[in-house]
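Novice: fold the following for me, if possible:
(3 chains)
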Amino acid sequence: MSDYREIQRCNRCGFCQSVCPTYGQSRMEAQSARGRIRLVRLLNDGQYDWRRDPGIAEKVDDCLLCRACVVNCPASVATDRIMLAARRDFLEIKGLSLFQRLVYRGALSHRERLERASTLMRLYEKSGARNILYSRVLRRTLDRLIYFDSFLPAGLEAPARGQLPEIVRPRGPARFKAVFFLGCASNVFGARTVRSLVNYLVSRGVELHLPKVACCGEPHRTTGDEREVRRLAAKNIPLIFKDNFDFIITDCSTCAHALAHYDQFIGEETPEAEKVRPLLARVKDVNTLVVEELGLEPDRLRPLPATKVTYHDSCHALRGLGVKSAPREIIKAVPGLTLVEMKAADSCCGGAGSYGFSHPEMSGRIAAAKVRNIQDSGADTLAVSCPACTLQLGAGLRRAGLELPVLHPVELLAAAAPTGAQT
Amino acid sequence: MNILYPESAASAREMVRQSGRARRALLPAGRRSRLARWPGLEEEGGAALLSSERLTKVLSVEPENLLAIVEAGLSPEEVRRALEPAGLYWPVSGLDRRSLGAIMAEGALSLESMARGPMIDWILGSTFVEPSGRLISSGGRTLKNVSGYDLTRFHWRAWGSLGFSTAFILKCLPLPESSRVLEIQCASGTEAAGLAESVILKRIFPQALRLSYQEDRWSLLVWLTGFAEYVEARFKELRALAGDRPGRVHEEALDFWNGYLARWPLKAPGAGHWLGSRRAVLDLAAHLDWPELKGRPGRIDLDPGGGQIRFEGQAEAFAPLDAFETAGPRPEGEVYLRLKRGLDPADLFFPARLLGRQVK
Amino acid sequence: MKTGPAPVYGGSAVSGNQGESMLNRDFIKEAGQIVGRDHCLGGILDIELYSYDSSPFIHPPELVILPGTVEELRQIVRLAARHQAPLTPRGAGTSLSGGAVARHGGVVLAVTRLNRVLELDLLAETVLVESGLVNLDLQNYLEPYGYMFPPDPASQKAATLAGNIAENAGGIKGVKYGITKHHVLGLELVLADGALVRTGALAERAAAPDSTGLFMASEGALALVSKALLKITPLPRDYRTISAVFDDLGKSGRAVSEIISAGILPTALEIMDHQLIVALEDYLHLGFPLDAEAMLLIEIDGLGPELDRQMKAVFEICEKVGAAGVSLARDLAERDQLWLARRSGNGAMGRIKPATIVQDVTVPIDQLPAMLSRVQEISRRHEVTIVQMAHAGDGNLHPHLLYDPYDQAEYQRCLEAGHEIFDDALKAGGALTGEHGIGLEKIEFMDKQFSREELEFMSEIKKILDPEGRLNPGKVLPAHYLPGPGGEVSA
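Specialist: Numbering: from 1, shown residues only, chains lettered A, B, ... in the order given. Predicted coordinates for the structure are as follows:
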């Protein structure tokens, strides 16, 4: 305790600030000898307690023990001795930390272990192993891993398939019957959206069937894998192109675009194509369905908190199916939401299905450009009608450190709907 | 035109109170030289000038404390005459025809402003009557005094609109042993400006530095004061800088300056008197060499230290108007306006409607 | 009205007096968003660390905010205006009068991170700086260019320009070069309502009235300074540093008077008394004579030949007055050591007794010898240790009244001795404070130096610029002249 007599001499002149390296960097009183001494003084006076106020230990630990303050202190207060005494006291109460046990008692206290460490270090250097840290391969691998990780949305739910029955009937008479094509991306990554859409449509009187379909085949088609495309189409056609369905709907515009051209998938000259062709017109993107077939009923909508929403046109929706105004009408119809257009809303997000994985560089750059446009638009929510675009833009936003919610336009509508249809 | 001549601080206070009660506008004036014909004054039937012409006592001279206490109606020349026998020097020269109160009100720049700062830096304290009629003493007879707020300095350049000064405590220096002016002839404005810049950058630190142009001739005027050896040493440095340019030495510095400044009689505020940065002033000297100028001033006095120029002639012909600003009252500035509104809500002390008139 | 510290030196701020909260959660949250959570501190330990400065006063704030840019500073002030939060501005926290202590809680707003040099103009001989820049850092920046910023308070190692301006700091060079207000050409300020204004040479109009001077020595109670345009002065070419030793304190004072009357204006004239000499010798081991009653440090600057002549005159005067020894510093190293010693005076007192009341009275120069003797007499009569240090050249004395913080009786005697010193200084035609400011410490004596009208006038100025009394509440003026949290006047 005698070292604490040193404390009495400090009369708070503050000259230690001029030489303390930690103060020089932070410009904060906690990082100065004067500040540290004061806390230890209060500890000794009984105003604070190591157990109750462990924060003091941190501040005491921040001292470098460089003694610049001691030498420059007009009253020659031995700050280092005060810090050491304080650390001794703290140790008695809290015991050694893991770091202290391993490094101090573990290694430094045992000469043989230190010498062994020397052997390891020399091996590490001579073998060239240290170059791994600086290798571009490692860097790139890490960068790649981080990039892929950015696609994983936070709070991923279990696949939608397991959450929903195969037939969902509305309360009361059905306005029409529709089959909901649950695409791969929607199933695995878009469960929240699918649930919201299904509940909303059913609440609007739609009887929805959700057969266990296979992948629509579009990704395979983009790689040129004709055989697999045909196989998948052959599986799907009997499940969805049935005469008793008024509409074939999906929340994924890629799937919708594929299904709308399924005669090409199965082979245009084939008999199956002949059978399917008249039904192709029943394929509808869900935005279009809501606007044209169900109607928006704006007066029944509750207002949402004031939000600026910008909409991204997925390629398949806009240029594949001609869906442009429907999603925008939906957004505009919800009270509280303001539609703000971003620059080049119709420009591809760079996801292109699996392009984000096969061409990370280019895809990443395109995504970054879209994210800049989203930021510039001033929106605080992004609306997208394609789960692939959602993944891609979600990843872009995450990499840019932005926390913008990404939602399907019909989800926004569902949130404002009077009862029942909740996200 | 009503003129009031208080003969003491107490009587000044009374006059301010009476005017306040009668809601009569008051124009703090020194020797009235500028204010008697102030534009717009004629229409102000009830307004009065409050003159310091009779506040001319030297209250004390204290060489052992390097200070003197004088009333605000004195001129620097009168102050100099009172201080010299005591071996004291007040470094505010070149403003001899104005009263001290007027110098404070206008923020007029002395010759020594460059090296020593303007008059406000040589005031240890003041007594003044503020618009609501209180008599306030600020500062004191000590070099350092930070008790309470500084109530002297905010009157600088306020044209008396925040208070009427009745007395000042002057901070003085010992009389310099040696004082001389070196007049260096230059072939052009560019040369004069370049030489001035060298003097500054070489840290010769003269008492005053002026560029003068008249009768088609340029000269650089450099004033040195201090101990004999010091002045001699600096003088040598200057001579080295001046090279073989012709020059004259004036050993009677104050006489020289009086003669020089006599060519610039007191005119209406802002007439032929502009303010600008040091760089702008030096650039103007070079600019005047430009053959395509529409006209040249008859004569021009450039003061890079104080940041001011005085000239005769049509400014539009030769001056880059955007680099300079007319000297003269400009009742602007957020802090000033708040102070004015708070301290003189009835706007009786040099009302803005009179003060803000642009004077050509 | 008692404004002394708790007798136990440095009791915890937080466990002691804690008034009701003046800040709401929205304020705290928004402030954190403006400066980042690392620089918006509300934890107990952080508050503890910003409850003090270099004075005996300890009061906890509720929140400590350290803006990193002028824009952040302005936003915080605006936020505070919206929420009616009191603000105590702070530089390095080296005030000796309690100026940086949050007497009435609220926010401590520290500008230490605003420490950039923005622009140096060697032709105009000016430098534009952010106000949190440390004085010595500025000097070191200017030195390679051959310039200095003359106001050099003893605390220049730690003190910021913001603090220098708030207290109109003096310094050792004051007698020849003037003090802070003589070297500030313009300011950029944030007013209490968050308005950003520029004065003097920074204002839009060169011809407008110059209100810069009002903020000198305003002790952070009228506005916050964000930037300052400073005049820089060429470094002197040469120095002579002389130390003279006397067997009597009064003689050193007489030497000062005679030097000035002889027309010599030294750069510095500093007096140190016996106790200080002993403490400094203990710290630095420079060979100071331990039996000397007083030491006078004189520095003259200029060019060679004139210096020798002045030096000769100084030697003669000191000998004539009865110096026991006069010597010239041999080289730069010795000169530096002498000034290090002088500047460390305040801190070195810690070696004698841990707690001090530092006084800062000024008297006209011719009253200096008498004042020095009177302080010695007061010390004997009240049985209080008083160590004397003085910027003798401008009549600014620094009696240090030392006490043991656990001795309530000794502390009381110090307070009484201090009162007498104030009275004597005022009677001698002097002032309560030459450079440390009124702060909290000297408020109770303001009505001894000023008339009621003068205090009312100051109160009006305060109300004009800070109608809610939120800037550094409770400082400078007695409570019945202050609006807001520190005062008793309704706005």
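
Novice: where does pLDDT dip in the chain?
Specialist: Looking at chain A here, since you left the chain open. Applying pLDDT under 70 to chain A flags residues A:1-3, A:419-423.

Novice: wrong chain, I was asking about chain C
Specialist: For chain C, residues meeting the criterion pLDDT under 70 lie at C:1-20, C:22, C:490-491.

Novice: list the contacts of the longest helix along it.
Specialist: Ranked by number of residues, the top helix in chain C under DSSP state H is helix C:408-427. Applying CB atoms under 8 Å, 6 or more residues apart in numbering or on different chains, the contact partners of helix C:408-427 are C:4, C:7, C:355, C:357, C:359, C:361-363, C:371, C:374-375, C:378-379, C:382-384, C:386, C:397, C:399, C:401-405, C:431-432, C:442, C:445, C:448-449. The way it works is simple: take the backbone N, C-alpha and C, and place the C-beta from them, glycine included.

Novice: among those, which ones are buried?
Specialist: In the contacts of helix C:408-427, burial by neighbour count holds for C:4, C:7, C:355, C:357, C:359, C:361-363, C:371, C:374-375, C:378-379, C:382, C:384, C:386, C:397, C:399, C:401-405, C:431-432, C:442, C:445, C:449, counting by 16 or more other CB atoms under 10 Å in any protein chain shown.

Novice: if we can go back for a sec, in the longest helix of chain C, what's buried?
Specialist: With burial defined by 16+ other CB under 10 Å, the residues of helix C:408-427 counted as buried are C:E410, C:Y411, C:R413, C:C414, C:L415, C:A417, C:G418, C:I421, C:F422, C:D424, C:A425, C:L426.

Novice: what about A:Q264, neighbour count?
Specialist: Close neighbours of A:Q264, defined as other CB atoms under 10 Å in any protein chain shown, add up to 14.

Novice: number of nearby residues for the residue of the stretch 101-250 of chain A found nearest chain C?
Specialist: Across the stretch 101-250 of chain A, the shortest distance to chain C (CB to the nearest CB) belongs to A:A154, at 21.9 Å. Using other CB under 10 Å, A:A154 has 7 other residues around it.

Novice: tell me the SS of it?
Specialist: Here A:A154 is recorded as coil under DSSP: H, G, I helix; E, B strand; the rest coil.

Novice: same check, this time on B:D301
Specialist: Of the three states, B:D301 takes strand according to three-state DSSP.

Novice: check contacts around it.
Specialist: B:D301 sits in contact with B:R210, B:L211, B:S212, B:Y260, B:W264, B:I309, B:R310, B:F311, where contact means CB under 8 Å, 6+ apart.

Novice: try it again with 7 Å
Specialist: B:D301 makes contacts with B:R210, B:S212, B:W264, B:I309, B:R310, as judged by CB atoms under 7 Å, 6 or more residues apart in numbering or on different chains.

Novice: that one bridge partners, please.
Specialist: Counting by DSSP bridges, B:D301 is bridged to B:S212, B:R310.

Novice: can you list the low-confidence ranges for chain B?
Specialist: Low-confidence segments of chain B (pLDDT under 70): B:1, B:33, B:357-360.

Novice: quick one, longest helix in it?
Specialist: Per DSSP H, chain B has its longest helix at helix B:228-242.

Novice: name the next helix or strand following that one along the chain.
Specialist: Note on helix B:228-242: by DSSP states H and E, the next helix or strand toward the C-terminus is strand B:247-250.

Novice: so which residues make contact with that following strand?
Specialist: B:R180, B:V181, B:L182, B:E183, B:I184, B:Q185, B:F256.

Novice: partner strands of that strand and their direction?
Specialist: Here strand B:247-250 is paired, per DSSP bridges, with strand B:178-186 (antiparallel).

Novice: briefly note if the following helix or strand past the strand it pairs with comes near chain C.
Specialist: Later in the chain than strand B:178-186, the nearest helix or strand by DSSP H and E is helix B:189-201. Yes - using CB under 7 Å from any CB of the partner chain, helix B:189-201 comes into contact with chain C via B:E197, B:I200, B:L201.

Novice: residues touching the residue nearest to A:N11 when sequence neighbours are not counted, list them.
Specialist: Counting by CB to CB, 6 or more residues apart in numbering or on different chains, A:N11 lies nearest to C:G350, which is 4.4 Å off, once chain neighbours are set aside. Taking CB under 7 Å, 6+ apart, we find C:G350 in contact with A:R9, A:C10, A:N11, A:A75.

Novice: just to revisit the earlier point, drop anything exposed from the contacts of strand B:247-250.
Specialist: The neighbour count (16+ other CB under 10 Å) marks B:R180, B:V181, B:L182, B:E183, B:I184, B:F256 as buried among the contacts of strand B:247-250.

Novice: looking at those, which is nearest B:L49?
Specialist: Using CB to CB, B:F256 is the member of the buried ones among the contacts of strand B:247-250 that sits closest to B:L49, with 34.2 Å.

Novice: returning to what we had before: would you turn the buried residues of helix C:408-427 into JSON lines with distance to A:G396?
Specialist: Output for these, formatted as JSON lines (distance: CB to CB, whole Å):
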{"residue": "C:E410", "distance to A:G396": "71"}
{"residue": "C:Y411", "distance to A:G396": "67"}
{"residue": "C:R413", "distance to A:G396": "73"}
{"residue": "C:C414", "distance to A:G396": "68"}
{"residue": "C:L415", "distance to A:G396": "68"}
{"residue": "C:A417", "distance to A:G396": "73"}
{"residue": "C:G418", "distance to A:G396": "68"}
{"residue": "C:I421", "distance to A:G396": "71"}
{"residue": "C:F422", "distance to A:G396": "69"}
{"residue": "C:D424", "distance to A:G396": "76"}
{"residue": "C:A425", "distance to A:G396": "71"}
{"residue": "C:L426", "distance to A:G396": "72"}
